[in-house]
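In: Would you be able to build a 3D model of this:
(one chain, ligands or ions: 1)
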Amino acid sequence: MSAPKQRDDTPAVVLENVSKSFGSHTVLDGVNLTIPRGTICVMLGPSGTGKSVLLRCLVGLLRPDTGRVLVFGENVAELDEKRARDRDRLFAVRRRFGMLFQDGALFDDMSVFDNVAFPMRLHTKMREDEIREKVRDRLARVGVAHAEDKFPSELSGGMRKRVAFARAIAIDPDIVLCDEPSSGLDPVMSATLDELILELHRTLGMTFIIISHDTAEARMVAQYIGMLANGKLVTFGPADQVFAENHPALEQFFTRQTVGPIKVV
Ligand SMILES: Nc1ncnc2c1ncn2[C@@H]1O[C@H](COP(=O)(O)OP(=O)(O)OP(=O)(O)O)[C@@H](O)[C@H]1O
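Out: Residues are numbered from 1 along each chain as shown. Predicted coordinates:
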């Protein structure tokens with residue numbers, strides 16, 4: 001079966017009744033949401049609440065027990081990497097994602113240039129001169145053009161994150177998944193990185209899905225906000241609506257209360 005035809009207004013992501021358990025532990029319980037294309041969506045939630053599981057379902061690394069996971073209309077939940085007939089479709093979906101891992105996940109034995117060139121060499125047929133031009137464009141966009149010959153161990157935490165961003169957007173993904181982009185950074189560096197997200201979004205128009213614990217980050221960049229707590233998506237929608245609604249779990253999170261609907265386990 002070929003991938004479904006999509007119209008321009010096909011949402012980047014739709015989750016319909018997505019549930020996932022590990023043994024008797026239900027991590028996601030009937031999650032529904034729609035992320036319009038070209039928006040910045042921040043998913044908040046306490047530790048261990050299923051945010052990473054959700055990301056892995058999006059890229060087809062995990063299959064939910066129930067529900068549909070539509071990425072630009074393609075139901076990733078029905079694709080199984082072990083089935084030859086699904087593999088091309090699954091890989092085509094994965095190529096639409098760029099991933100910014102929590103720790104940057106740069107290759108320590110590769111220069112900054114080669115780290116950013118890596119996905120181009122792996123996934124495209126670009127010539128080396130095209131790669132050079134694109135890598136330089138990506139490094140310039142994230143403000144580390146001067147560092148292309150350095151190795152990750154020679155960079156500060158903030159610079160490593162920028163290089164990781166350059167790699168995440170290397171082959172023009174439609175969706176950039178960011179797993180806690182501000183983790184391990186001081187507040188000023190985090191804010192600088194948030195400005196970078198806004199700038200990349202403005203100039204490249206990609207959809208950003210950002211996993212975060214950082215409420216200041218949510219306030220700064222989010223157009224859509226979701227909050228996962230105790231397996232449920234307790235609130236989701238346009239950021240101004242979600243802030244106005246001020247769900248008790250969101251309020252507890254934002255005001256750092258230990259008592260409230262979020263159970264600390
Ligand atoms: N492959 C797996 N097998 C068993 N349990 C798993 C597996 N993957 C995740 N879990 C469990 O699912 C729950 C949610 O994990 P997840 O990593 O999604 O949390 P998170 O919200 O991303 O947390 P954090 O904010 O701390 O990164 C945890 O209890 C975790 O132990």
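In: Would you confirm that residue 251 contacts residue 260?
Out: Yes. Between residue 251 and residue 260 there is a contact under CB atoms under 8 Å: 7.5 Å. To be clear about C-beta, it is placed using only N, CA and C from the backbone, and glycine gets the same treatment.
In: Report pLDDT for the closest residue to residue 218 other than its chain neighbours.
Out: Excluding the flanking residues, the one nearest residue 218 by CB to CB, 6 or more residues apart in numbering is residue 42, at 4.5 Å. Looking at residue 42, its pLDDT is 95.
In: can you pull the contacts of residue 86?
Out: Contacts for residue 86 (CB atoms under 8 Å, 6 or more residues apart in numbering) come out as 78-80.
In: how far away is the residue nearest to residue 218 from residue 8?
Out: Using CB to CB, to the nearest Å, we find residue 42 at a distance of 24 Å from residue 8.
In: Next, the contact list for residue 21, please.
Out: Applying CB under 8 Å, 6+ apart, the residues contacting residue 21 are 27, 65.
In: Give me every residue in the protein lying close to the ligand.
Out: With CB under 6 Å from any ligand atom as the criterion, the chain comes near the ligand at residues 22, 27, 45, 47-53.
In: most surrounded residue in the residues you listed?
Out: residue 50 (24 neighbours; other CB atoms under 10 Å).
In: If we ignore the residues flanking it in sequence, what's nearest that one?
Out: That would be residue 27: by CB to CB, 6+ apart, it lies 4.2 Å from residue 50.
In: Surely that neighbour is in a strand?
Out: Yes. When classified by DSSP: H, G, I helix; E, B strand; the rest coil, residue 27 is found to be part of a strand.
In: State the distance from it to residue 35.
Out: Relative to residue 35, and taking CB to CB, residue 27 is found at 20 Å.
In: With residue 169 instead?
Out: 18 Å.
In: Please say which of these two ends up with more neighbours.
Out: residue 35 (24 against 20).
In: Show only the entries of the residues of the chain next to the ligand found in strands.
Out: 22, 27 (DSSP state E).
In: Determine which two of the residues of the chain next to the ligand are furthest apart.
Out: Using CB to CB, the two most remote members of those are 22 and 45, lying 16.9 Å apart.
In: residues in contact with the lowest-mean-pLDDT helix or strand in the chain?
Out: Every helix and strand of the chain was ranked by mean pLDDT, DSSP states H and E. The lowest is helix 248-254, at a mean of 76. Defining contact as CB under 8 Å, 6+ apart, one finds that helix 248-254 is touched by 44-46, 215, 225, 227, 229, 234-235, 242, 257, 259-262.
In: from those, which is closest to residue 61?
Out: residue 45 (19.0 Å).
In: Strands of the chain, start to end?
Out: Using DSSP E, strands in the chain cover 13-22, 25-35, 40-44, 66-71, 74-75, 97-100, 175-179, 207-212, 224-229, 232-238.
In: Residue 219 and the ligand: what is the separation?
Out: 19 Å (CB to the nearest ligand atom, to the nearest Å).
In: Provide a list of residues in contact with that residue.
Out: With CB under 8 Å, 6+ apart, residue 219 has these contacts: residue 243.
In: Got the confidence number for the nearest residue to residue 121 once chain neighbours are set aside?
Out: What sits nearest to residue 121 in space, not counting adjacent residues and going by CB to CB, 6+ apart, is residue 131, at 6.8 Å. If you check residue 131, the pLDDT there is 94.
In: quick one: residue 170 and residue 164, what's the gap?
Out: 10 Å.
In: so where's the stretch 101-250 of the chain uncertain?
Out: 103-104 (pLDDT under 70).
In: Do a quick rundown of the helices in it.
Out: 112-123, 128-141, 157-168, 187-204, 215-221, 239-245, 248-254 (DSSP state H, counting those that start in this stretch).
In: tell me the most buried of those helices?
Out: Stretch with highest mean neighbour count among those: helix 157-168 (a mean of 24; mean count of other CB atoms under 10 Å).
In: does residue 40 really touch residue 224, like I thought?
Out: Yes. Taking CB under 8 Å as the definition, residue 40 is a contact partner of residue 224 at 7.2 Å.
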